Every structure is written in structure tokens, then in C-alpha cells.
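Engineer: structural data only, the sequence is not supplied:
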């Protein structure tokens, strides 16, 4: 009898091109071919002109090329404001001879078919992503949507060439501005997660609500857009009875940027152990206030609101977890409620002897 | 039998010149002449070119002029990064016919004599401030140093004219750079608090340690330098058996920027009630790391480290107190340990009937 | 025989509330009642949260109150990036016994009637401003549109209350977003200048072009929006045969941010003398390139593009004029061509004996 | 009879890793082995946490590895503020069968021996660099110091390990702060250029003046520090009678940031032709004023003064040259006078048939 076993490695990065920690792990026995996903926090501004993400991605790509490994999902999130600490979280999986006992962290991946540009930001993209999330759940051996605790999606965007291609075929695109297409693709992807996880019924969703009606959201989605893709890279993290090993996962949804009640409850539900990773989304409350008190994040022309939000929510979570090596990512269209966001927690419990 | 009674009013500010909230309180019965101190958080960058502090101070000065009130200590701290909310905390006191029961929040003020510029940043300033803090304690009716929970000091700085004055009298100054004189004055003032509160023995202090040896600190000092002063404005907050009323106060010292253990203990010591104010200092850990994990605050050439630190520690405290109207001030020479800082808490308990 | 005579005073400011230079001028004989307009450059970020403008305006308002002077147009432009120097340019006028010889700098002012909110950003505002500019031209004794070289306009914006007022009367507003209403009001005001100066035919203008079709512009408009107004404050600067005195004015339009040819020609047309003032608008080329070379101003998430543009165009002009006390203002909807802008020059010629 | 011939290629970069322009040149016939130096402007902040330099450098290194080319000096300067345009300037040289007529642009390179850490920032480094510059002059076939117009130097810095190494050998280092060692190494390197070019007599220089007395400077030095070096990479650009080809070079020194007189004279001395490159250094005037007018670059806590200076001087030069693809580099210890800087100009004259 065999089972699958996930491992989670949180590795300090001294710079966007510092893979020395990963290389040490490889030397210590981690098989590069077992790696399925890397989520990184790099020390750029996390906004338009953040080249630390590209620098880190290029460095990882060469690393995997050198090791002959293909298909690893590499997601870089810029911005380690406040005391957040730059790091890589590496997810690996391999077969073990153990019989599963109870359930354990499961990691599944999938890629959707290429998406025609005219589907971006529309119900077609939502449906496509939902199908992709279901495929990744199957890959992870997760049957029940409530066992999924985090879904990371890398989605395509529109370029002038892609818009031209759509028009040449007599199609319209949802948005002509290529920068705005990034937000719309993230929005539709997040709603695709919501549909797959039964947080939203696709039948009730109209094109007009995508990127607009933020009362619709997934409490477990994290999405980012990249120019290099035509399809979607999907990583599903959750708990499965078919997996073994010490890692356990749960999640909470912050209703606003100082809401820690749900996180405390999630921590209480999880087994005792070492904190292995925290994955969260943060954004400035679009209302301009938190529980009635005005904030100034949206009016600061010197610091982008996403930087403020990561620093502040980073503090909220670091105070709670007593840890600063947290994946706190900004920009959260339909990813948690407006001004709030999803928080996923992975614990490495003490191994049962 | 009479006693003194303090009141604490936390008032939202929609801009650095918005006193509408204070004016509403005056109309509702607050006597302007009872006000002894204002601590404000304004929405500037909290650094060199932050004119929101001067704008707010000028607005308050005209307000008090119009009301014929003199001698109010006005302290403006710039920077409401993250979800911190701009606000004024107004401290007032008046006599009441109540007999004190137990003890209550006490507010005392004092001013030192004018200080010759050659004393700035030296043991003479430390001694002068220590004497001033003792005077403010007497004004507050606080006998025991351990009953003091926060000391706000506004101290002078060096200007070219003042340096010239010292030199004309054959004296040397501790530092020739006027900007650096601000930090040195804050440093000596904080050590003056430490001496008055028996956290430090003046006899063991050398001039060389001031602004240099940050293992020496007060856990209750908050200091800022202003060009308009030649003396020191001192506000002491603490608990006194001679005062009555619903407000109670305690404090903790954060050992680093994610250390909340002491704050939780202080909260547990305090009576139940409504949070009336939180007064805290924050700074980026000068070691470049928090519990071994690198932070990037000191390497970010786009955002000053003080802004990062306020946003992050603001998040730590806001998550803990479920409140964003917090006085979190940056720059913390000898004010709490390196990378940490003092946190004072004021609670308004339910009035005993 | 009498004539009018304008004077232009460029005064260094050491801070947003520094009027010591103006006070020195008053002591030296300048009549406060002769002042009709102040254009200031303050050292804030020039964007949403720039409180140096409000601080300076409040300081000037109290100054004029103290001197019993009403109706002075106070326009503060934030942002002295690069080596631009914070300063006030004070425009005054008074009658003299001279007979005019040739022509000289003329300054005229006007205010429009209050504008109903539903007219903002529409042809009605354009027409209203055009009429106001014509009134200010009459006040200045300028008959020919080509003799006008700079028009500064302060225009109203929409607030929630004003939008509500319009709706209560069954009217629609051009834009529901109050921040966007600032840009739209500036846009319509600039086109109003274009109409008055015969740069644009109102009959050919549609509502849809306002704030959208930037090929339509005035080469002499400079507009800013303020929440305190319901009408428009208009200052017209130009040359009139009815005025005397040493000041002469001309202008040029930069086609892009490095186009100095027209400015050199304007300088050549002007008489020899001391540079008295330069008034210019600057913006990042919206195409993302200057003469085919990419710029990064619009992609920099750390520094607003308006700050980049003021610093850079400030350098272009300061190199040309060998002077850094220049009024370079950002944001330029319909004020000069896209990526370029108007530049007005005032020279104080040597007085003929 | 053969001669050497230099070529200068200014290539637009759409991102820090965009070498498509260089690859097109290679395809069009440029021999990668002929390339001796690359000077790049990348779109980071040009300060501590600017990773665009490292990203670009890593990309070029792989490019040259792929082409089997070694020893190319790669110098990346971050910061394209204002309308400055990101680009690479590639210097190549090859032998031609032409007889030299007159003189032409010459490019020489050299590397010094490894420098012991205890020499950094001291007269020993100055002497070492001076010798290296002389070697690069010989490599360039330039005999007279006045024929050198620009010297680019990449110099080492101190790390904890290197300081430890010095101490282990009983030596002291000039500075214990590794960040400050960068400035000191740049300072000593610039003075080394001054010595080699007879702008300064080494015999009169004391260790104490290095990094302190900025009245000592080279009008042709541009230096940057890198952690990867133990020696110095030196590129000398100037005019030599032994070289042929269309490129000609001259230089000027700006006395302050708006001083264009010398540049106009240099342009007048140069032959007619196409502007091939401008290489300049810029810094905020340390006095806080330009020709008596206050600037705010040193007081802006939101934007580093080096960014202000590059944007502004970029504007001064772009207005003059009508070109935005300029190499304007910040930080200028002993590189031009305080607040000013060197400006080198390369022209490609029309080939004589």
C-alpha cells in the first residue's frame, strides 16, 4: 500500500536570485523532480515596475532547467513591506510506502487548455478555471470542496497582439486596456475558484459582475496574471484522506484587515505543531474606512495602497503567528471580501512514532 | 473632599486642520481650559518634510488662542501608515467633589528651565529632563515611579544660531549637524525619563553612551524634538490614588516588533472597559532581522524605514486591540529596546454606580 | 493721464507657511491692497495627500485677513521636484500717472457666477469659463486674444452633497466619482480658455470630447480644482497698450517635454531684461515615449508620474533659463498638447529713463 | 597599415532583461567578441534595493557566456527618472585596414591587481587606480591625459569577510560599515582617475581628504562599487591619433546642476554629426541651494535625492541635446564639483568618403 506525501519547505532568500537555501535542501536529499510549486515573496514594490519577480522567476527557471525538471508552477509575489521576510515556499510531493492515517496535506496541480482572448474576464473564463480547479482537486485526491484550503492560479492577460487576434476573428474582448485586463483575468479566475468550491453558482453570475460586484468572492483563491501564459496554471492545496505525512492545513477569511477571530479558530482546529506556512491576501479597504475609522491608504500618492496593506496585514498576522516569514500578497479582486482576505495556515505536526 | 479627574478624548480627524470633532466636544460641555495636552497622529510621512504636523499644530494653536487657553502641550506625530487612522487624543483634567476610590488615571505636566545649547545631548540634559519628569509626577500626584506608564517629552534642538551662541561663550556643542541634534536631544530626553523612573542610574551614564548604547532605554518614554522650544514640555501619564474617574492605565514593553506577550499581560491586569487610547513607539530592528528572519525595511530606498515600522507595528497592535485609532510613533532612540518599543494602554472602565 | 501698472514679485519660501519675504516687501512699500493674485509652488507631492497647499493657502488667507484685503486669488501648486525652488509669485497692480508707451504686462481677474453641479465637465462649463475669461480680459484691458499669454483658473469640483443637490432637482452629473470630477472640471475649464482665446470653436465641441480628446487644447491655460468654490476664479495675464511699466510677457507651447525651440523663439521676441517669472505646465507623455524613446514615468509605482514630469521639465526649463525658481505645475488636461504644455515668460526690462 | 576602430551602439531596452536589440545587432553583423564594455541604464531606483542592475547584469553575463566572450566590462546604473529612457550603450572595437586620419574615439580597458581590503578608501587605492587608468590609456593608445574624456571604474567594497581577513593579518580598514565602504571606494577610485589625468597630485593627498574634501575631484571620472570584485575594472574613453572611424568625443564639467555653458562649448568643439552617447554624473547640491535658491531634494523623505537629481539633470541635458536616451548616473563623490558633474559627449560624424 502506498500513499502520497507532501512536504513544505520555507526557505529564506537573501536576494531575488538567492537559491542557496534550496540548493542546500537538494544536497540534503530533496529530489528536485518532486517539486511541484514554488510560491515566493520577493522584496520589490509588488506593483507595475517590480522586476524582482521576473528576476526570481528567471533564476528558478534556470535552476529547474539545470536539474531537468519541467512543469513546476512558479508564482512570485512582490512586496515584503514592514518586517515581512523574503522567502520561497517550496511544495513537493512523492510516493511513500505508508498507509494514510486520518488525512494530510494534499497538493494537486493542473493546467487548463489555452483560452481564446475573447473569453478573458467573462463567464467563459470562470467556467474554464472552475473546470481546471476540479482537475487539480482530482490530481490532489481531494473530493470535497470544503477540504480545499487554498488555490493559487496564474492566469493570462491581454496583449495588443491577442486583442488583434480576437478582432481578426470577429470577436470582441472584455477590455481594451491591457493593464486592466490583468485585474479582470485575476477577477474571473478567483470567481472560477468560487464556482469550483461551491461558494458561487455559475448560473447566477453575469459578465457584468466580474471585476465589479466584490460581494461575490472565494475565501480560498489567490490569483495573479502573467504575460507568458495562454492557459492557467493551477495549484490546489487542501486535506485528503489519501495522503499521509505530518502536514495539516486549514483556512479562515478575514472580514476586514484587523479581523483575527476566524484565524484563531482555524488555529484551534489545527493540530499542535510547527508553523510551516501562512498564505494570505491583503488589500486596502475600498470604503476608505475600517470599522468606521478612516484610513489613508487610498489617498497616499507616495506609497501604493497595496504596499500599505501588505505591511499592515503583515503586522496583524505576524503578531498573531509570532512569525514574519509569511506569504502576504496584495491585490485581491473577488479573493475574500472587500478590505479582507483569505488566510491559509499549514502546520507540521509532530510525527507520530 | 475633592479629587482630580482626568478625561481622555480620542477624536477622528478628516485632515490635519480638522478640529470639528473637538469643537463638537466643546459644545457638548468640555471646558477648553481643562485641556492640558493633545497628542495627534497626522497623515504625513512622519519624516523631515512632513508639514502635516506643523499645519495641525498651527491650527490647534489658533484654536486655543481663540479660547484664551495657554500652555497646552501639543505633540504631533506624523504617519498613519497601513490602516492607522488620523486622530487627536485630548487629555483634560478638572476637580471633582468625589473622594478617590482606589486609583485612577493621572495627568501631570511640567516645563524645565531653558537649556543652554551646550547641554544638549549630554548628561546635563539627561539630569534636567529627569528633574522635569519628577516635577510632572508631583503635578500628577504620582509618587512611585512604577505608577508612571507614559512620559511624552518635547525637547529643543540645535540651530546654527544656538551653536553660535554656545561658541561665543567658549562652549562646545555635542553635535554640529542640526538634523542630528534632533536625534541626540530625543535620546538624552528619553534617558532623562529612564533616570526619573529608576530604570537607569545617572551616575553610571557617560556622555558617550547617549545616542549610541541602545541597550540603555526607558520602557515608558516618548520624545520628539521641536525648533520652537528652548526648554522641555513634559506630560506624565500614570495611575494615582489621589485621582478619581473611570480611566485606568498600564503599559508593556515590546522586546521586538512582533512581541505581544507583555501587552496581553498588561491588558489582563487592566480592568474591563472600553479602549480609550494606545500610545506606542515603533522602529525597524536595527539588526536587519526579527527573530533571525531578515527584514528589508532598512534597505528600501523608496519608503523610509520609520514608515514601514509604523505600518507593521500598527498592524500588530490593531490586530490585538481590534482598533486602528492608535498613536504609533516612529523613531525610538532609547525608547524601548532596539527594534522594540513601549506600549501604553488606557482603558475607560464602566463607571461604578 | 493715468495708466495701470503691474508688478510681479517672486519671493523665496523657506516653508509652506513662510511669508517673511512678503512681509519684508510690505514693509518696503508694497501695498497689500494692490495684490490681486498669488501663484505658489509648495514642496509637497503635488498629488492627493499634499497638505502643503492647504497649509500655504490658510497662511496667506490669515495674512490677507490681517491686512483687511479681500478677493485675492490664491493658487497653490504642489511639487518642487528636482532643483525647483519653493516660492510665491505675487501679482499686484496699481494706477500710475504715466502715459502708456507701447504695451506692458496686464493683469485682469474675474469670477464667474456659481455653476450648477450638473454643468460641470460639460459644454455649459466651457461656455461659462469662456465668458469669465472674456470678463477678465476686459478687466485687464486686453482686447485681442493673441495678447493673452497665460490664464490661471481655479474651478469647482463635485462633492456628494452637490451630486445629491443635482439629483434632487432631477438632473444628472457628468461623473459620479468626486475625484474624477476634479480632472473633468480642469478639462472643461481649459477648453473654456481655448474658446475664449479662439483656439477652439465651441460650436464644434461635444460633451464627449471633454477630458477625452486631448488633441483639443489651449496653449495658455492652467487650471486647478478646489473644493471651496462654487464658481471660477480667473486670472488673465497678457500684454495691453493701456498698461505701463517694465514687465513684458510672451509664451510658447512645448510640443513634447524636450521641445525648447518655441521657448527660445519667445525669448528672442521679448525685450532684454531680468527674468521675472516662468509659468509652465508639465505632464508625462501619455504615449509612454518621447520621440520614439520609451520613458518609465507611467510605470513607476513608487513615484507619481506628475512628480517625474515636474522634475524633468523643471530641468529642461531651468537649464534653458539658468534659474530654478520656476512655476512648473503638473496635470495638464487640454492644457497644451499631450505630453507637452504651455510655457509663459515674464521679463522685467530695464526701465527707460 | 592597420588602425583600431571603435563603435558605439545605443540600444533601447524594454526591460532589464531585454537583449533583443543587441541580438538584432549581432545578427546584422556585430561580432560579439569585439565588445569590450556595456554601460546600461536600467529602470530601478538606483539605490540600495535596486535589483534591476543585477537582473540586467545576469542577463548580459549569460549572453556573453553563450557567445563564448569573456572579460567584457558590464556597468549598470539604475534610475531612468523623468523621461530618461532605459538603454544599453555597447562599446566595441576591431582592427581595420584604414590609416588613421586626424584622431578618433579610442576605447581602452584594464584591470588592476587584486587590492587588499586595508587599502580601500586610502591613498594606496588611489595610487592603484591611477596606475590602472594609465594602463587602460596605454591599451587605448592615448598618450596625453587631456585626450581622455571619460573613465568608468568598477571598484570593490568591504564585506565582513574581507574586514575579518584584514584584521586577521593585523591590519585596520578605513571604515567598518560595509555600506559606507562603497562610497569610500568610489571616492578613492575617482581620485585615482584625477591623479592619472593630472587633475590632482597624489603627493598632496592625505587619507583624511578621501570622501571628505569634495573640492578635489576629477572632471572625467564615473565610478561604481560592486561586491563581486576584488580588483578594479577600468574603461577609458578618449581621442587617439592611432584610431580611425567616425566617432569623436569631448567633455565638459557642469559647475552646478543648471550649468550648460561648458557643454555648449564642448558641442561647438565637436564635429557635426549624430549624437551617439552622453555620459554624465548628477547629484543634489550638498549646500541645499542652487545659485542661492533653495532646493528640497535633500529634505524629501519620499524620494531619494539621487532620483531627484537624475530626473532634473536628465531634463537639463535632454532639453539641450533633444534626446532622452542619456546615461545620467547618480552619486558623484569626487566626480565633478559638489552639486555639479562631468558630461561626456560622443558624436558620430558623417563618414568622409
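Structural biologist: Great, that's in hand. The shown structure was predicted, so the numbers you read here are calculated from the model rather than taken from an experiment.
Engineer: any regions of the stretch 1-150 of chain A where pLDDT drops low?
Structural biologist: In the predicted model, the stretch 1-150 of chain A carries pLDDT under 70 at residues A:1.
Engineer: kindly report the residues of it close to chain C.
Structural biologist: Contacts of the stretch 1-150 of chain A with chain C, taken as C-beta under 8 Å from any C-beta of the partner chain, map to A:45, A:47-50. The C-beta positions use only the backbone N, C-alpha and C, and glycine is treated the same way.
Engineer: and which of these is nearest chain B?
Structural biologist: Lowest distance from chain B to the residues of the stretch 1-150 of chain A next to chain C (C-beta to the nearest C-beta) belongs to residue A:45, with 6.6 Å.
Engineer: number of residues surrounding the closest one?
Structural biologist: Per other C-beta atoms under 10 Å in any protein chain shown, the neighbour tally for residue A:45 reads 25.
Engineer: give me the phi and psi angles of it.
Structural biologist: The phi/psi pair for residue A:45 (degrees, to the nearest 10) reads phi -90, psi 0.
Engineer: from residue A:46, how far off is the residue lying closest to it once chain neighbours are set aside?
Structural biologist: Spatial nearest neighbour of residue A:45, excluding adjacent residues (C-beta to C-beta, 6 or more residues apart in numbering or on different chains): residue C:301 at 5.2 Å. According to C-beta to C-beta, to the nearest Å, residue C:301 stands 8 Å off from residue A:46.
Engineer: cool, and residue A:170?
Structural biologist: Distance, residue A:170 to residue A:46, using C-beta to C-beta: 38 Å.
Engineer: out of these two, which sits in the more crowded spot?
Structural biologist: Taking other C-beta under 10 Å, residue A:170 and residue A:46 do not tie; residue A:46 has more neighbours (26 against 7).
Engineer: what's near enough to touch residue A:43?
Structural biologist: Residue A:43 makes contacts with A:15-16, A:52, A:78-80, A:86, B:296, B:299-300, D:49, D:51, as judged by C-beta atoms under 8 Å, 6 or more residues apart in numbering or on different chains.
Engineer: how does it look with 7 Å?
Structural biologist: Counting by C-beta atoms under 7 Å, 6 or more residues apart in numbering or on different chains, residue A:43 touches A:16, A:52, A:80, A:86, B:296, D:49.
Engineer: next one: residue A:300
Structural biologist: Contacts for residue A:300 were tallied using C-beta under 7 Å, 6+ apart; they are A:308, C:49.
Engineer: quick one: pLDDT of it?
Structural biologist: Predicted confidence (pLDDT) for residue A:300: 93.
Engineer: got the phi and psi for it?
Structural biologist: phi -90, psi 110.
Engineer: same question for residue A:21.
Structural biologist: Backbone torsions for residue A:21, taken as degrees, to the nearest 10, come to phi -70, psi -40.
Engineer: got it, and the one 5 residues further on?
Structural biologist: According to degrees, to the nearest 10, the main-chain angles of residue A:26 amount to phi -60, psi -40.
Engineer: for it, give its distance to chain D.
Structural biologist: 21 Å (C-beta to the nearest C-beta, to the nearest Å).
Engineer: repeat for residue A:261
Structural biologist: For residue A:261, the distance to chain D (C-beta to the nearest C-beta) stands at 36 Å.
Engineer: contacting residues for that residue?
Structural biologist: By C-beta under 7 Å, 6+ apart, the contact list for residue A:261 is empty.
Engineer: now do the contacts for residue A:176.
Structural biologist: Contact analysis of residue A:176 by C-beta under 7 Å, 6+ apart lists residue A:163.
Engineer: ok, residue A:128 - contacts?
Structural biologist: Residues near residue A:128 by C-beta under 7 Å, 6+ apart: A:112, A:115, A:119, A:192.
Engineer: just want the phi and psi numbers for it.
Structural biologist: Main-chain dihedrals, residue A:128, degrees, to the nearest 10: phi -60, psi -50.
Engineer: residues near residue A:228, how many?
Structural biologist: A count of neighbours around residue A:228, defined by other C-beta under 10 Å, yields 9.
Engineer: per-residue confidence for it?
Structural biologist: pLDDT, residue A:228: 83.
Engineer: if we can go back for a sec, of the residues of the stretch 1-150 of chain A next to chain C, grab the buried ones for PyMOL.
Structural biologist: Here is the PyMOL command that selects only those of those that count as buried (16 or more other C-beta atoms under 10 Å in any protein chain shown):
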select buried, chain A and resi 45+47+49+50
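Engineer: so which two of the residues of the stretch 1-150 of chain A next to chain C are the farthest from each other?
Structural biologist: A:45 and A:48 (8.4 Å; C-beta to C-beta).
Engineer: quick one: the strands in the stretch 251-353 of chain A, in order.
Structural biologist: A:273-282, A:289-290, A:293-294, A:327-330, A:341-349 (DSSP state E, counting those that start in this stretch).
Engineer: for these, which one ends up most surrounded?
Structural biologist: Greatest average neighbour count among those goes to strand A:327-330 (a mean of 27), per mean count of other C-beta atoms under 10 Å in any protein chain shown.
Engineer: run through who's touching that one.
Structural biologist: Here strand A:327-330 makes contact (C-beta under 7 Å, 6+ apart) with A:39, A:41, A:46, A:77, A:79, A:84, A:89, A:222, A:277-283, A:306, A:309-310, A:313-314, A:317.
Engineer: partner strands of that strand, with direction?
Structural biologist: Paired neighbours of strand A:327-330 in the sheet (DSSP bridges): strand A:273-282 (parallel).
Engineer: now do the strand it pairs with against strand A:341-349, angle only.
Structural biologist: Counting by axes from the mean of the first three to the mean of the last three C-alpha atoms, to 10 degrees, strand A:273-282 lies at 170 degrees to strand A:341-349.
Engineer: gap between the nearest residue to residue A:323 once chain neighbours are set aside and residue A:318?
Structural biologist: Among residues not flanking residue A:323 along the chain, residue A:275 sits closest, at 5.6 Å (C-beta to C-beta, 6+ apart). Residue A:275 sits 11 Å away from residue A:318, going by C-beta to C-beta.
Engineer: try residue A:201
Structural biologist: Distance of residue A:201 to residue A:318, computed by C-beta to C-beta: 37 Å.
Engineer: again with residue A:215
Structural biologist: Distance, residue A:215 to residue A:318, by C-beta to C-beta: 29 Å.
Engineer: so the two - more neighbours on which side?
Structural biologist: Counted by other C-beta under 10 Å, residue A:215 and residue A:318 do not tie: residue A:318 has more neighbours, with 30 against 8.
Engineer: list the contacts for the more buried one?
Structural biologist: Taking C-beta under 7 Å, 6+ apart as the test, what residue A:318 contacts is A:83, A:324, A:326, B:258, B:316.
Engineer: if you set the cut-off to 8 Å instead, what comes out?
Structural biologist: A:82-84, A:324, A:326, B:257-258, B:312, B:315-316.
Engineer: now swap in residue A:152 and tell me
Structural biologist: Each residue near residue A:152 by C-beta under 8 Å, 6+ apart is listed here: A:37, A:39, A:73, A:75, A:222-223, A:234-235, A:237, A:279.
Engineer: of these, closest to residue D:5?
Structural biologist: Proximity of the contacts of residue A:152 to residue D:5 (C-beta to C-beta) peaks at residue A:75, which lies at 48.7 Å.
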